[in-house]
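Engineer: Provided below are the primary sequence and the corresponding predicted coordinates.
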Amino acid sequence: MRIITHTCTECGTVVSANELEANRVMKCPGLDCENVLRFADLPQEERQFFLEHAEQYEL
Ligand SMILES: [Zn+2]
């Protein structure tokens, strides 16, 4: 399975697409990081892929 993740531009914390998709907008889980991460920050191609295969990502 292809792993889709987003890396925080501020602190480098890696967040899975599942988490982003579930929350849409979330505060970065990184320690002392106030950056806000959005599902929409993922490249269009990765969002598309994730949505088309969403059932594979449900744990
Ligand atoms: Zn961060």
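Structural biologist: That came through fine. Note that the structure is predicted; figures quoted are calculated from it, not measured. Numbering: from 1, shown residues only.
Engineer: so who does Gly12 touch?
Structural biologist: Contacts for Gly12 (C-beta atoms under 8 Å, 6 or more residues apart in numbering) come out as Gly30. Bear in mind the C-beta positions are built from the backbone N, C-alpha and C, glycine included.
Engineer: again, but for Cys8
Structural biologist: If you count contacts by C-beta under 8 Å, 6+ apart, then Cys8 has Val14, Val15, Cys28, Gly30, Cys33, Asn35, Leu37 around it.
Engineer: what's across from the last one in the sheet?
Structural biologist: Meaning Leu37. Under DSSP bridges, the beta-bridge partners of Leu37 are Met26.
Engineer: how far does the helix of greatest length in the chain sit from the chain's center?
Structural biologist: Scanning the chain for the helix with the most residues, using DSSP state H, yields helix 44-52. Centroid separation for helix 44-52 versus its chain: 11 Å, with C-alpha atoms, centre = their mean, to the nearest Å.
Engineer: Residues touching that helix, excluding its own?
Structural biologist: Arg2, Ile4, Ala17, Glu21, Phe39, Ala40, Leu42, Tyr57.
Engineer: So for the residue nearest to the second one when sequence neighbours are not counted, what's the pLDDT?
Structural biologist: Spatially, and ignoring its direct neighbours in sequence, Ile4 is nearest to Ala17 (3.8 Å; C-beta to C-beta, 6 or more residues apart in numbering). According to the predicted model, the pLDDT of Ala17 comes to 94.
Engineer: Can you verify my assumption that Thr5 contacts Val15?
Structural biologist: Yes: applying C-beta atoms under 8 Å, one finds Thr5 in contact with Val15, separated by 6.4 Å.
Engineer: Those two: which has the busier surroundings?
Structural biologist: Val15 (19 against 14; other C-beta atoms under 10 Å).
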